[in-house]
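Chemist: Whatever this is, show me its structure:
(one chain, ligands or ions: 1)
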Amino acid sequence: MAGIFFMDNSAPIGVFDSGIGGLSVFRELTKVVPEESMIYVADSANAPYGTKSRRFITNRCRAISRFLVAQGCKLIVVACNTATGASISTLRREFSIPFIGVEPAVKPAAIASKTGHVGILATAQTFKGEHFRRSIGLYAKSVNLHEAAGTGLVELIENGMIDSPESRRLLSQYLMPMVDQGIDQLVLGCTHYPFLIPVIREILPAGIQIIDPAPAVARQTRKVLEQNNYLNSSGVKRQQFYTSGSIEKFTKVLTKLAGGEWAVNQLVESVSSD
Ligand code: DGL
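Modeler: Residues are numbered from 1 along each chain as shown. Below you'll find the model as predicted:
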């Protein structure tokens with residue numbers, strides 16, 4: 001792109017996910033970059049992404065990124081492992097602002113493991129992603145990985161059924177075979193799953209470490225903002241929320257997870273997915 005481009009550092013950060021999962025990243029961002037304005041988009045009408053094709057996910061990511069850029073965002077956090085794996089290279093190629101992605105934290109888990117067995121719970125699409133396969137090749141050669149696709153968990157979380165008999169049943173089904181293999185690290189490879197940590201802790205034997213990549217993503221966001229001189233120095237900030245699904249449903253879950261009162265807007269589909 002020709003010409004010199006000046007970004008107003010008070011511009012917001014865009015954060016998006018297929019639904020409410022990215023709020024686990026959003027909450028870390030509010031701690032690590034508390035000075036920033038943020039616009040959160042939940043593509044709830046299209047959740048879950050984990051069972052969709054790469055092409056579908058990329059079209060949605062492109063449409064949401066266009067919307068966030070039109071709102072003036074200076075940087076976008078793709079707060080979704082599935083979307084990162086399927087689309088981040090395309091987004092970085094097509095847009096001129098920085099993108100931060102989320103990937104299963106295989107490297108720290110492999111380093112920390114003493115038993116040599118690491119469990120990963122992620123969506124089926126994340127396991128297929130080239131980023132994920134590459135990280136395994138790079139960082140997890142020395143350990144045995146035990147993968148489980150958390151089919152059905154995202155839908156339960158989206159519906160506020162975090163602590164429910166169904167979530168316990170599915171989690172036991174996915175996690176117990178890894179426990180039997182001797183894992184001492186469990187990588188949460190989907191940004192929805194940190195909301196299940198209290199239930200996961202009850203199921204797992206003591207001593208298994210649960211790894212949520214959100215704090216590392218928030219730190220990386222701060223680093224990129226600093227490198228670009230993008231940290232908000234205006235002293236003014238605001239948070240905005242959009243959903244492509246039901247405002248009522250999203251507001252209810254947002255209030256439950258984040259407390260307080262929030263105004264949620266409808267994501268209008270001028271955001272076409274072509
Ligand atoms: N929160 C997501 C992730 O990190 C999306 C899961 C989904 O929509 O299936 O992968």
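Chemist: Near the ligand, which residues of the protein? Just list them.
Modeler: Counting by C-beta under 6 Å from any ligand atom, the residues of the chain close to the ligand are 17-18, 21, 47-50, 80-82, 123, 126, 154, 190-192. C-beta here means a position set from N, CA and C on the backbone, and glycine is covered the same way.
Chemist: switch the cut-off to 5 Å
Modeler: Selection of the chain residues close to the ligand by C-beta under 5 Å from any ligand atom yields 17-18, 21, 47-50, 80-82, 123, 154, 190-192.
Chemist: Out of the residues you listed, which one has the lowest pLDDT?
Modeler: Ranked by pLDDT, the residues of the chain next to the ligand bottom out at Gly50, which scores 90.
Chemist: looking at it, it is touching Thr126, isn't it?
Modeler: Yes - counting by C-beta atoms under 8 Å, Gly50 touches Thr126, with 6.9 Å between them.
Chemist: and the two most separated of the residues of the chain next to the ligand?
Modeler: By the measure C-beta to C-beta, Ala47 and Asn81 form the most distant pair in the residues of the chain next to the ligand, at 13.5 Å.
Chemist: thinking again about what came up before, take the residues of the chain next to the ligand and keep only those in strands.
Modeler: Asp17 (DSSP state E).
Chemist: that older thread, need the residues touching each of Gly50 and Thr126.
Modeler: Contact criterion C-beta atoms under 8 Å, 6 or more residues apart in numbering; residues shared by Gly50 and Thr126: Thr82, Cys190.
Chemist: buried stuff in the helix or strand of the chain with the lowest mean pLDDT?
Modeler: The helix or strand of the chain with the poorest confidence is helix 130-139; it has a mean of 84 (mean pLDDT, DSSP states H and E). Buried positions in helix 130-139, judged by neighbour count with 16 or more other C-beta atoms under 10 Å: His131, Phe132, Ser135, Ile136, Tyr139.
Chemist: what does that helix rub up against?
Modeler: By C-beta under 8 Å, 6+ apart, helix 130-139 touches 81, 84-85, 88, 101, 103-104, 106-107, 110, 122, 126, 145, 189.
Chemist: Looking at the residues you listed, which is nearest Asn232?
Modeler: Once C-beta to C-beta is applied, the member of the contacts of helix 130-139 that ends up nearest Asn232 is Gly101, at 21.7 Å.
Chemist: Which residue is the nearest non-sequential neighbour of that closest one?
Modeler: For Gly101, ignoring the flanking residues on the chain, the nearest one in space by C-beta to C-beta, 6 or more residues apart in numbering is Thr84 at 3.5 Å.
Chemist: wait, what's in contact with the residue lying closest to His192 once chain neighbours are set aside?
Modeler: Among residues not flanking His192 along the chain, Gly21 sits closest, at 3.3 Å (C-beta to C-beta, 6+ apart). Neighbour list for Gly21: Ala79, Cys80, Val154, Ile157, Cys190, Thr191, His192, Tyr193, Phe195 [criterion: C-beta under 8 Å, 6+ apart].
Chemist: Could I have the ChimeraX command that selects the buried members from the residues you listed?
Modeler: Selection of the buried residues among the contacts of Gly21 in ChimeraX, burial being defined by 16+ other C-beta under 10 Å:
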select :79,80,154,157,190,191,192,193,195
